[in-house]
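In: Got a predicted structure here, sequence first:
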Amino acid sequence: MLILKIAFRNIFRQRRRSTFTILTMVGGFVLFSLALSISEGTYGTVIEKFTKSYTGHLQIHKKGYLDKPSLYKSLDDYDSLSREIEKIPGVKSWTPRVYSGALASKDKKTGMVRIIGINPDSEAKTTSVKNKIKSGEFLKISSDLTNDVLVGAGLAETLKLKLGDELVLVGQGADGSISNDLFKVRGILKGDVYSKDRNYCYMDLKMAQKFLSLDKNFQEISITVDDYKNADLAAKILNANLIKSNITDLEVLPWPQVEKQFYNTMVFEKRGMRICLIVIVIIVAIGVLNTVLMTILERTTEYGVLRALGTRPMTLFWMIVLESAGLAIISIIIGFILSLILNYWVSIHGIDYPSPIDIGGFTITTMYGLVYVGAFTGPAIVTFFTALFVSVAPAFRAMKISPVEAMRMN
Amino acid sequence: MSQHLQNFETNSKYILKTEDVIKTYMSGEIEVIALNKINISIKKGEFTAIAGPSGSGKSTLLNLLSGLDKPSSGTVFINELPISDMSGNQLSDFRRDHIGFIFQSYNLIPVLTVRENIEYIMLIQGIPEAERTERVNDVLKDVGLTTMGNRRPAQLSGGQQQRVAIARAVVSRPAIILADEPTANLDSVTANNLIDMMKSLNETKGITFLFSTHDQRIMDHSKRLIILKDGVIDSDK
């Protein structure tokens, strides 16, 4: 207990130096916590927005569809698949889709489009396509066939399309026939010529199935669950359930596998963040090491006296390590309070990028923080153990002090 | 611990004994003989001073007798136990349990109060709190610092600090107290008071003192005076 008391009182012995060390550690803690908060907050927001915009959290396809998409790799029993999807814990919504390529033309202008057949009702519940309408309206929910389409901003720009304009789509049906029809622009999507959905052409699922001679077949079911972090688990459960129901020709993939490029970009960005974190750890370590070394140099005589009085070397070791631990604990408490305030502020107000940045084809303009436990426990663990780690070598040095030599320095 | 100390004190004829102790050290490439074949023995209850000119080997001898340093050859015995072969931890425990130190510059722990400084050795000995408190109260009375228990060393005069150092040395009831120039930093009045106090502790409580000193007053009060000269015992009276 007295050892603890000595260690603790030693912290306040050189107040200026201890204050400087604590400030260094607090600074490191706050930066570390903020970096984690922004990392999770921004990337979490980007992932959530991205999956909400396009992919959903997981998807069901015919095996191999994503590697080599084809009109013929289609699903046919939507109702029985829906019953399996309903069993996934935390599932929120799902929607079927049809994909194909086509040639679009208006007047003398032509362009390539990606046809996406959607169910307007379930799509609106699953993704945010409905909210991406820049002008016009979302597709009508109707049991009748309609030839309305929503076009991407790039396509609208290329073909000079306006609301109500007609465009001709020419594609290939699943039966090998050439399909062509006249469609009417009901809405134009937000974005520009660089957006991921610049050449998308959304139409009603039934219309797309008819246009592409797919009967009631479709290529994909997109599913959302309560949290994108649960996508992996949900995919595993659904895969297992499908196998149990003898459906073995389908695959369920979480969003990181569906959108590999986007996911890899996110991983790369996070790795970049880790380098910043390592730099912060090094700054903290140098600050603490400097203090501990100065302390030992300054208190050599005192340690010699303690050794002479019969203090075991290991007790001396713990006295020094405990002092560093005390500094770390004080820093962690202060750092936690400051980080909580800062992270909360950033989670509400965000920090604007000087100019919008593109992550995996998705544009973000503001970084937002996320207040979560890991943003505090991570820096706390790192600060505490960094302080302990860097104090070990000087403490060993103090252990080896010869009492005679040490007291001679007095 | 106390039991062990009692056995130690009652069984030994000599508290400290050296046999042909030699201590050499290197000064550059030259070997310097600091102590040469020292043979001394200290009995319980002695009040002995080791004197001699600077560089005669007084402090070196005290360091060897306390186990702070090891002889180049020869053996130091405490209660007929050779301390030269002890490991680091054994030596620490040995000093903690059997030796009390009084240093020239007091060497109190600045962050601890007077009471805590005195209590320190008993605490690492594992003596129960009630006994520690009782002993600290007693020894504070002995050194006349009853009202200063909660002060920090920096709030005391040099003489008061040395009293605390004496209290710290005697409170754990060691076999012997080794005092290295204990009066060197004190004015003559304070020094006289302290010498009287140590003499009184020696006579009333039977505490054994061994001084390394230049101070004539300590030499005058000593029952035995060992003079060292150039690393050898010049006289032992």
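Out: Yep, it's here.
In: what residues are up against residue 99?
Out: Chain wasn't specified; assuming chain A. A:Pro69, A:Arg114, A:Ile115, A:Ile116, A:Gly117, A:Gln219, A:Glu220 (CB atoms under 8 Å, 6 or more residues apart in numbering or on different chains). To be clear about C-beta, it is placed using only N, CA and C from the backbone, and glycine gets the same treatment.
In: my bad, the chain I had in mind was chain B
Out: B:Ile99 neighbours (CB under 8 Å, 6+ apart): A:Gly310, B:Ser66, B:Gly67, B:Pro174, B:Ala175, B:Ile176, B:Ile177, B:Leu178.
In: check which helix or strand covers the nearest residue to the fourth one once chain neighbours are set aside.
Out: The one in question is B:Pro174. Once flanking residues are discounted, B:Pro174 sits nearest to B:Gly100: 4.0 Å by CB to CB, 6 or more residues apart in numbering or on different chains. Assigned by DSSP states H and E, B:Gly100 belongs to strand B:99-102.
In: Stretch A:387-396 vs chain B: in contact?
Out: No. Under the criterion of CB under 8 Å from any CB of the partner chain, chain B is not reached by stretch A:387-396; the shortest gap measures 13.0 Å.
In: List the buried residues for that stretch?
Out: Neighbour-count burial for stretch A:387-396, with 16 or more other CB atoms under 10 Å in any protein chain shown as criterion, is recorded at A:Ala387, A:Leu388, A:Val390, A:Ser391, A:Pro394, A:Ala395.
In: The second one is in contact with A:Ala328, isn't it?
Out: Yes. Look at A:Leu388 against A:Ala328 with CB atoms under 8 Å: they come within range, at 7.2 Å.
In: so how many other residues sit close to B:Ser56?
Out: 21 (other CB atoms under 10 Å in any protein chain shown).
In: And B:Pro82, by the same measure?
Out: Applying other CB under 10 Å, we find 12 residues neighbouring B:Pro82.
In: Dihedrals phi and psi, it?
Out: Torsion angles at B:Pro82 (phi, psi; degrees, to the nearest 10) stand at phi -70, psi 130.
In: what does A:Thr383 give?
Out: Residue torsions, per degrees, to the nearest 10, at A:Thr383 are phi -60, psi -50.
In: Over to B:Glu31?
Out: According to degrees, to the nearest 10, B:Glu31 has phi -90, psi 120.
In: Kindly report the same for the one 3 residues further on.
Out: The phi and psi values for B:Ala34, taken as degrees, to the nearest 10, are phi -80, psi -40.
In: thought it was touching B:Val21?
Out: No. Look at B:Ala34 against B:Val21 with CB under 8 Å: they stay out of range, at 10.3 Å.
In: Walk me through which strands the stretch of helix or strand A:Val149 belongs to pairs with, and which way each runs.
Out: Here A:Val149, judged by DSSP H and E, is contained in strand A:148-151. Strand A:148-151 sits in its sheet next to strand A:178-189 (parallel), strand A:200-204 (antiparallel), going by DSSP bridges.
In: Where do the helices of the stretch 51-200 of chain A begin and end?
Out: Remark: helices assigned in the stretch 51-200 of chain A by DSSP state H, counting those that start in this stretch are A:78-86, A:120-126, A:153-159.
In: Can you tell me what sits against the last one?
Out: If I follow you right, that is helix A:153-159. A:104-106, A:109-111, A:113, A:134, A:151, A:161-162, A:167, A:185, A:188-195, A:197-201.
In: what do you get if the cut-off is 10 Å, keeping everything else the same?
Out: A:104-107, A:109-114, A:132, A:134-135, A:149-152, A:161-163, A:165, A:167, A:185, A:187-201 (CB atoms under 10 Å, 6 or more residues apart in numbering or on different chains).
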